[in-house]
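J.: Show me the folded form of this:
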Amino acid sequence: MRRIAALTVVASGLLATIAGQEQSPAPAFEVASVRPNTGASSQSARFGNGSMTFTNYPLRMLISSAYGLRLERVVGGPSWMDSERFDVIARAPAGAPDDQLSLMLRTLLADRFTLVARREMRDQPIYALVVARPDRRLGPNLKLSSKCRKGGVFGGPGATIPPPQAGELMLCGMRSMFTDATGSIIQGGAVSLANLAGALGGSAGRIVVDRTGLTGTYDLDLRFARMGLQAAPAPDSNLPTLFAAIQEQLGLKLESTTGPVEFLVVDGAERPTPD
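T.: Model prediction:
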């Protein structure tokens, strides 16, 4: 594991570029180890509490994690970016906030893999979230919020989120979970519809943008089949498809359209020296 000195490498999006002003160094891990994977056959990732650990990850997936982009939107680069796997263990300086970990990972990629990349906008198929009814009436599971309670946890296999009972307050913020192999829930309290659109992207398979024209914050409870999103629900699911659920439960719908989507184009990368 190598202790990282202060870096002067310019990683895309990390350093200020205002002419005439002193640039701050990019956030960097205090110590980091990058080695080719030689044993693990499964992939895993853990991050939080000032550290990040990736096992059996190709470089393209590391870049996807660092920049918060879906894997298919990281394009270009040498062929070994997908075929060769790496183990990364990194620790941030004491007291560094976890929301800086992704920036530190970008710095590590620039330092250890000599990553050179640029952002590029391309027109792609997307979904627009719009109001379904001509009278703009919303569905039963989407209501203007008044207040919400803090707390709550994400669930896992076999978990359920019961709807709020009379007089009970919805949890603040957005959360999603699956109840079993066939069912998913997206639930939120005091969230904007832009937040909802962002949460729908993973399940819809495309970027979703809010074009409802509705302002304010909402409480919502959306339940849908995890499989067969655009066709029939999974055979063993009694839940509607995502597209049907959005319309029936929220009074909204997804319309297919095109729009600008951010890509990261990799112009160069080199294999790291193991340590």
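
J.: what pLDDT does residue 171 get?
T.: The model reports residue 171 with a pLDDT of 57.

J.: I should have written residue 76 there, sorry.
T.: Listed pLDDT for residue 76 reads 97.

J.: Tell me what it is bridged to.
T.: Using DSSP bridges, the beta-bridge partners of residue 76 come out as residue 266.

J.: ok, it - contacts?
T.: 265, 266, 267 (Cβ atoms under 8 Å, 6 or more residues apart in numbering). All C-beta spots, glycine's among them, are computed from the backbone N, C-alpha and C.

J.: Please report phi then psi for the residue sitting nearest the centre point of the chain.
T.: Closest to where the C-alpha atoms of the chain average out (Cα atoms, centre = their mean) is residue 68, at 5.7 Å. Main-chain dihedrals, residue 68, degrees, to the nearest 10: phi 60, psi 40.

J.: about what we covered before: can you convert the contacts of residue 76 into JSON lines and add a column each for neighbour count, pLDDT and distance to residue 86?
T.: Below are these laid out as JSON lines (neighbours: other Cβ atoms under 10 Å; pLDDT from 0 to 100; distance: Cβ to Cβ, whole Å):
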{"residue": "265", "neighbour count": "16", "pLDDT": "98", "distance to residue 86": "21"}
{"residue": "266", "neighbour count": "20", "pLDDT": "98", "distance to residue 86": "15"}
{"residue": "267", "neighbour count": "11", "pLDDT": "97", "distance to residue 86": "20"}
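
J.: For residue 53, state which of those residues is nearest.
T.: Nearest to residue 53 among the contacts of residue 76: residue 266, at 23.1 Å, using Cβ to Cβ.

J.: And the closest one, how far from residue 121?
T.: Taking Cβ to Cβ, to the nearest Å as the measure, residue 266 and residue 121 are separated by 16 Å.

J.: related to what we said a few turns ago, in contact with the nearest residue to the residue nearest to the centre of the chain once chain neighbours are set aside, which residues?
T.: The spatially closest residue to residue 68, leaving aside those adjacent along the chain, is residue 102, at 6.5 Å (Cβ to Cβ, 6 or more residues apart in numbering). Neighbour list for residue 102: 65, 66, 67, 68 [criterion: Cβ under 8 Å, 6+ apart].

J.: residue boundaries of the strands in this structure?
T.: 2-3, 31-36, 44-48, 51-58, 74-76, 85-91, 116-131, 142-144, 173-178, 183-191, 208-210, 218-225, 252-268 (DSSP state E).

J.: And those strands: which comes nearest residue 109?
T.: The closest of these to residue 109 is strand 116-131. By Cβ to Cβ, the value is 8.5 Å.

J.: other SSEs contacting the closest one?
T.: helix 193-204, strand 208-210, strand 252-268 (3 or more Cβ pairs under 8 Å, 6 or more residues apart in numbering; DSSP states H and E).

J.: helices or strands up against the last one?
T.: Strand 252-268 sits against helix 59-67, strand 74-76, strand 116-131, helix 193-204, with contacts defined as 3+ Cβ pairs under 8 Å, 6+ apart.
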